[in-house]
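*Asks:* here's a sequence, model it:
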Amino acid sequence: MPKVLDSQIQRDVMFETNRDHWRNRIRILNAQRDEIAMGGGKKAAAKQKKKGKLLARERVEALIDEGTELLEIGSFAAWDLYGEWGGAPAAGVVVGLGRVEDRECVVVANDATVKAGAWFPLTCKKILRAQEIAMENRLPLIYLVDSAGVFLPMQEEIFPDRDHFGRIFFNNARLSAKGIYQISAILGSCVAGGAYLPIMSDEALIVEGNGTIFLAGAHLVQAAIGEQMDNEALGGAMVQVDISGVVDDRFPDELSAIEHIRTRIGELARPALAPFDRIEARGPLVETEDILGLLPVDRARPYDMRRLLGVVLDGSEFTEYKATYGRTLICGTGRIDGWAVGIVANQRQVVQRRRGLEESQQEMQIGGVIYSDSADKGARFVELMNQKGIPIVFLQDVTGFMVGSKSEREGIIKDGAKMVNVVANSVVPKFTVFVGNSFGAGNYAMCGRAYGARFFFAWPSASISVMGGQQASETLLAIQLKNRGEDVSDEEKTQLLREIQARYEDAMDPRYAAALLWVDEIIDPRRTREILARAIAAAANQPEIADFKVGVLQT
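*Replies:* Predicted coordinates for the structure are as follows:
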């Protein structure tokens, strides 16, 4: 029988301090997100409006069903990067899950207020991520195109490599071959290699007057072959629909083109859903707001992860697996919005592990660390979820695998490799939430970015790094002092350590991870249950689950 998790919250001074801190942090993040949503700023927006064009987020708002919300992906992409070029808010493209005619879709909308919608390296990475989400979850993909093409000063970081610009068109072809519907609307400029994206979609539309599509614009054509004509005559709506037939249909304005997209999505056949178990949803027993008070401000402070699960799971109910074994890893099953889910979560409390029958043989285990028994338990549980066809939610607050002679003799590398192997080969949908620390190989075992989760969400408390800031800073300091090969005063050592720590702490900020798309989005912890429910529902758009196989496991 499921166990009801402890719903009695002690609202003491520490609880209030935690809650106030995270409320303020979320306010700051939301203010920054609002600033990002302004794109290239008021002047660039006014220029767009003067042409009779909607802004990127206005287009998305017109596209998705009334009363619904875009679940944005990568809003902090390129955060605090590309400063020498004036920045690129949200990497110049709006991406997310949007409901269109009651059908979950992936939406990609160029923001022409950011360098005329030009593609930066992270623009390319973000659109590739959108295509990956569509492909993995078999979701229709809608492109709202308005882009001047590759940002030429950075072309060598965008053009030739495997996961650069050309991979977009490769994915266009692969998505279509898999029967995943793509539709594009050319709402502004669409030039050079970028012209292939809408035309490799299953259907393409264009707006008269503002929409143009060609391999080379008027200036380049004149320079290359001496031919003179304006962009409209070269590749405007009438040319590309009525004469060349490159584009399927033309529309007098953006809203009519967007409404046509809605009609096309509404006509699509409904997919067979995956056989994931779902019953009527029940709310948690714990108030959603309480999750902020339960989450410590100090990343090193222990807490019981089960208390956080009580805010996320239906009825705050959880059936724990091997509760008295491998206690630094919590495994078990529950439900989110009625969906059956497996939970793999790091336990941050210091726990006792009994090594024998005598009390004197009990051993203390550090919270947030994966020991051999924890890794063994986690690998076995992930195998079990694949056997039963249950999606898995990973909640990361891990400082890595245990080190030291005792752990090495227990076979920590072998047990860690076994867990990593099983997570890598898991075929049921996986979802990762970065709650706190995500250090070293613990990131891998707990399904970090390289391990194929369907979605990756981070709380404002998340920190992703190869190791903790203090350990990393002291290690780097020791290396630098050794390389200098001279006596250094204590004052210089302190100053050098402070500088290293400052740089390292900046890189451990969740906005840094979000800027580089290591995570899909930084979310308000209070919305975790709601967002996971939507992600699980999106992942259910697949008719079957592949066979689960693993390679050679060291036992």
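*Asks:* contacts and neighbour counts: CA atoms only from here.
*Replies:* Fine.
*Asks:* show me where the stretch 351-500 of the chain has strands.
*Replies:* Counting by DSSP state E, counting those that start in this stretch, the stretch 351-500 of the chain has strands at residues 351-354, 362-365, 369-370, 392-398, 400-401, 430-439, 455-458, 463-465.
*Asks:* which of those sits closest to Ser407?
*Replies:* strand 400-401 (9.0 Å; C-alpha to C-alpha).
*Asks:* give the partner strands of that closest one in its sheet and their orientations.
*Replies:* If you go by DSSP bridges, strand 400-401 pairs up with strand 369-370 (parallel).
*Asks:* right, and the strands of the stretch 351-500 of the chain - which one's nearest Glu136?
*Replies:* Per C-alpha to C-alpha, nearest to Glu136 of the strands of the stretch 351-500 of the chain: strand 455-458, 10.3 Å.
*Asks:* can you give the contact residues for that closest one?
*Replies:* Defining contact as C-alpha atoms under 8 Å, 6 or more residues apart in numbering, one finds that strand 455-458 is touched by 133, 430-435, 449, 510, 519-523, 535.
*Asks:* closest to Gly166 out of the residues you listed?
*Replies:* Among the contacts of strand 455-458, and counting by C-alpha to C-alpha, the member closest to Gly166 is Ile133, at 17.9 Å.
*Asks:* hang on, the closest one packs against Ala453?
*Replies:* No - the pair Ile133 / Ala453 is not scored as a contact, 9.9 Å apart, by C-alpha atoms under 8 Å.
*Asks:* pull the residues that contact stretch 380-396.
*Replies:* Contact with stretch 380-396 is made by 275-277, 321, 331-332, 340-346, 422-423, 426-438, 443, 446-447, 536, 545, 548, as judged by C-alpha under 8 Å, 6+ apart.
*Asks:* got a list of what Glu530 touches?
*Replies:* Applying C-alpha under 8 Å, 6+ apart, the residues near Glu530 are Asp337.
*Asks:* next one: phi and psi at it?
*Replies:* The phi and psi values for Glu530, taken as degrees, to the nearest 10, are phi -60, psi -40.
*Asks:* that older thread, out of the strands of the stretch 351-500 of the chain, nearest to Phe151?
*Replies:* Nearest of these to Phe151, taken as C-alpha to C-alpha: strand 455-458 at 27.8 Å.
*Asks:* test my guess that Ala274 contacts Glu544.
*Replies:* Yes - between Ala274 and Glu544 there is a contact under C-alpha under 8 Å: 5.3 Å.
*Asks:* pull the number of nearby residues for Arg167.
*Replies:* Residues contacting Arg167 under the criterion other C-alpha atoms under 10 Å number 18.
*Asks:* biggest helix in the chain by residues?
*Replies:* helix 13-37 (DSSP state H).
*Asks:* next structured bit after that one?
*Replies:* Later in the chain than helix 13-37, the nearest helix or strand by DSSP states H and E is helix 42-50.
*Asks:* what's the angle from the very next helix or strand once past that following helix to helix 13-37?
*Replies:* Following helix 42-50 in sequence order, the next helix or strand is helix 56-63 (DSSP H and E). Going by axes from the mean of the first three to the mean of the last three C-alpha atoms, to 10 degrees, helix 56-63 is angled at 100 degrees with respect to helix 13-37.
*Asks:* who are the packing partners of helix 56-63?
*Replies:* strand 93-100, strand 103-110, helix 254-267 (3 or more C-alpha pairs under 8 Å, 6 or more residues apart in numbering; DSSP states H and E).
*Asks:* paired strands for the second one, with orientation please.
*Replies:* Right, strand 103-110. Counting by DSSP bridges, strand 103-110 is paired with strand 93-100 (antiparallel), strand 141-147 (parallel).
*Asks:* wait, which of these is closest to Lys414?
*Replies:* Among the strands paired with strand 103-110, if distance is taken as C-alpha to C-alpha, the winner is strand 93-100, at 38.9 Å.
*Asks:* residues contacting Pro525?
*Replies:* By C-alpha under 8 Å, 6+ apart, the neighbours of Pro525 are 291-292, 459-460.
*Asks:* and the longest helix of the chain, how far out from the chain middle?
*Replies:* What separates the centre of helix 13-37 from the centre of its chain is 20 Å, taken as C-alpha atoms, centre = their mean, to the nearest Å.
*Asks:* so which elements touch it?
*Replies:* helix 290-294.
*Asks:* buried residues in the longest helix of the chain?
*Replies:* For helix 13-37, a neighbour-count test (16 or more other C-alpha atoms under 10 Å) marks 15, 18-19, 22, 26, 29, 36-37 as buried.
*Asks:* any chance of the strands of the stretch 351-500 of the chain in CSV, plus distance to Gly52?
*Replies:* Shown next, in CSV, are the strands of the stretch 351-500 of the chain (distance: least, C-alpha to C-alpha, whole Å):
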stretch, distance to Gly52
strand 351-354, 63
strand 362-365, 64
strand 369-370, 57
strand 392-398, 45
strand 400-401, 54
strand 430-439, 41
strand 455-458, 36
strand 463-465, 43
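*Asks:* please name whichever of the ones you listed is nearest to Leu54.
*Replies:* Among those, strand 455-458 comes nearest to Leu54, with 29.4 Å by C-alpha to C-alpha.
*Asks:* what about stretch 298-309, start to end distance?
*Replies:* With C-alpha to C-alpha, to the nearest Å as the measure, stretch 298-309 spans 19 Å from end to end.
*Asks:* just to revisit the earlier point, adding distance to Ile206 and mean pLDDT, write the strands paired with strand 103-110 out as CSV.
*Replies:* Shown next, in CSV, are the strands paired with strand 103-110 (distance: least, C-alpha to C-alpha, whole Å; pLDDT from 0 to 100):
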stretch, distance to Ile206, mean pLDDT
strand 93-100, 19, 98
strand 141-147, 9, 97
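*Asks:* may I ask which helix or strand of the protein has the lowest mean pLDDT?
*Replies:* Ranked by mean pLDDT, DSSP states H and E, the weakest helix or strand in the chain is helix 469-484, scoring a mean of 63.
*Asks:* about what we covered before: give the ChimeraX command for selecting the buried subset of the contacts of strand 455-458.
*Replies:* Per 16+ other C-alpha under 10 Å, the buried members of these correspond to this ChimeraX selection:
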select :133,430,431,432,433,434,435,449,510,519,520,521,522,523,535
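*Asks:* for Met200, see how far away the spatially closest residue to Arg57 that is not a sequence neighbour is.
*Replies:* Nearest non-adjacent residue to Arg57, counting by C-alpha to C-alpha, 6 or more residues apart in numbering: Val94, 7.2 Å away. Relative to Met200, Val94 is positioned 20 Å away (criterion: C-alpha to C-alpha).
*Asks:* out of the two, which sits in the busier spot?
*Replies:* Comparing Val94 with Met200 by other C-alpha under 10 Å, the one with more neighbours is Val94, at 27 against 20.
*Asks:* related to what we said a few turns ago, quick check: the residue nearest to Arg57 touching Val108?
*Replies:* Yes - under the criterion of C-alpha under 8 Å, Val94 makes contact with Val108 at 5.8 Å.
*Asks:* strands along the stretch 151-300 of the chain, start to end?
*Replies:* 182-191, 203-207, 212-214, 249-251.
*Asks:* in JSON lines, list the ones you listed along with distance to Pro140.
*Replies:* Below are those laid out as JSON lines (distance: least, C-alpha to C-alpha, whole Å):
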{"stretch": "strand 182-191", "distance to Pro140": "6"}
{"stretch": "strand 203-207", "distance to Pro140": "12"}
{"stretch": "strand 212-214", "distance to Pro140": "23"}
{"stretch": "strand 249-251", "distance to Pro140": "19"}
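*Asks:* and these: which comes nearest Ala379?
*Replies:* Across the strands of the stretch 151-300 of the chain, closest to Ala379 is strand 182-191 (C-alpha to C-alpha), at 37.4 Å.
*Asks:* describe which strands that closest one pairs with in its sheet and in which direction.
*Replies:* Take DSSP bridges as the rule and strand 182-191 pairs in its sheet with strand 141-147 (parallel), strand 203-207 (parallel), strand 212-214 (parallel).
*Asks:* okay then, goodbye and thanks.
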